[in-house]
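Peer 1: sharing a sequence plus its predicted fold:
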Amino acid sequence: MAGIEERVREFMTNWKPIEVNVDEWIDDLKKKRMIMGERKHGPLNLETDPRDFIQEGIEELIDFLNYLEMAMLKGRLPFCKWVSIDKDVRFTIWRLTGTGKWSGLGV
């Protein structure tokens, strides 16, 4: 059996970074979600769909903030990471509204 130094040397010699293209990974997830949505609701037709996609997106981001906070409270997400992501998402919501206020949320 190899000693620890030999095992570390072997690991360092054979180590290769994992190459992940985050954009491709996320785009693939988005495509899968679109397919799931079409199976459930039918094909998306932007010409006839009456939804306000910005409003719906903001509502989803607010849900995400709640989910993220629950994950942090359950110990699944470090506090510092939660704070950082929470601030990023809040800024994204602010950018989407243009004013930081949005009457559609009842606030």
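Peer 2: Now that the structure is in, tell me what you want to look at.

Peer 1: what lies in contact with the one helix or strand W25 maps to?
Peer 2: Counting by DSSP states H and E, the element that carries W25 is helix 22-41. Taking CB atoms under 8 Å, 6 or more residues apart in numbering as the criterion, the residues outside helix 22-41 that touch it are L44. For the C-beta atoms, the positions are set from N, CA and C on the backbone; glycine is no exception.

Peer 1: go with 10 Å
Peer 2: The contact list for helix 22-41 (CB atoms under 10 Å, 6 or more residues apart in numbering) reads N21, P43, L44, D49.

Peer 1: kindly report the same for stretch 53-70.
Peer 2: 46, 52, 76-77, 81-82, 85-86, 89-90, 92-93, 96-97, 102, 104-105.

Peer 1: in strands, which of those residues fall?
Peer 2: Among the contacts of stretch 53-70, DSSP state E puts none in strands.

Peer 1: for stretch 40-48, what does the pLDDT average out to?
Peer 2: Along stretch 40-48, the predicted local confidence has a mean pLDDT of 91.

Peer 1: so how far is it from its chain's centroid?
Peer 2: Taking the mean of its C-alpha atoms, stretch 40-48 sits 23 Å from the chain's own mean (CA atoms, centre = their mean, to the nearest Å).

Peer 1: and stretch 38-49, by the same measure?
Peer 2: Centre-to-centre, stretch 38-49 and its host chain are 23 Å apart (CA atoms, centre = their mean).

Peer 1: and the end-to-end length of it?
Peer 2: Across its full length, stretch 38-49 reaches 13 Å between end residues, using CA to CA, to the nearest Å.

Peer 1: having no further points to raise, I will conclude here.
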